[in-house]
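**Student:** Predicted structure and sequence below. I'll ask about it afterward.
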Amino acid sequence: MSQEGNGPPSGPPPIDFENGFTTAVIDGGIEQVTDLELKKGKYAMICFIQDRKGGPPHVMQGMIAEANVQ
């Protein structure tokens, strides 16, 4: 971040959106297995889906996790 705090941040972004991926949206009670080949590093797993009734995305309800690949 710039020293004054009012300019653009310096350095790489904290999230690499270009290399992200998505999975299928499935109904509750159904399982999905996804094989991934991840490089060494930290990854965020985030759910942006809303409940069928609406409301905030699941990430706002705590559905976020970090994975560290060694």
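**Tutor:** Sure, I can see it.

**Student:** Glu66 - that's part of a helix, no?
**Tutor:** No - the assignment for Glu66, made by DSSP: H, G, I helix; E, B strand; the rest coil, is strand rather than a helix.

**Student:** quick one: contacts for it?
**Tutor:** 42-45 (CB atoms under 8 Å, 6 or more residues apart in numbering). C-beta coordinates here come from the backbone N, C-alpha and C atoms, glycine included.

**Student:** quick check, Tyr43 in a strand?
**Tutor:** Yes - looking at Tyr43 with three-state DSSP, it is inside a strand.

**Student:** show me the contacts for the residue lying closest to Val25 once chain neighbours are set aside.
**Tutor:** Leaving out its chain neighbours, the residue that sits closest to Val25 by CB to CB, 6 or more residues apart in numbering is Ile49, at 6.1 Å. Contact analysis of Ile49 by CB under 8 Å, 6+ apart lists 25, 57-58.

**Student:** What ranges does the protein have for its helices?
**Tutor:** Using DSSP state H, no helices are found in the chain.

**Student:** Distance-wise, check the residue nearest to Val25 relative to Met63.
**Tutor:** As judged by CB to CB, to the nearest Å, Ile49 and Met63 stand 9 Å apart.

**Student:** Just the residues contacting the worst-scoring helix or strand of the chain on mean pLDDT, thanks.
**Tutor:** Here the helix or strand of the chain ranked lowest by mean pLDDT, DSSP states H and E is strand 41-46, holding a mean of 89. With contact meaning CB under 8 Å, 6+ apart, strand 41-46 is reached by 15, 59, 63-69.

**Student:** ok, now with 7 Å
**Tutor:** 15, 59, 64-69 (CB atoms under 7 Å, 6 or more residues apart in numbering).
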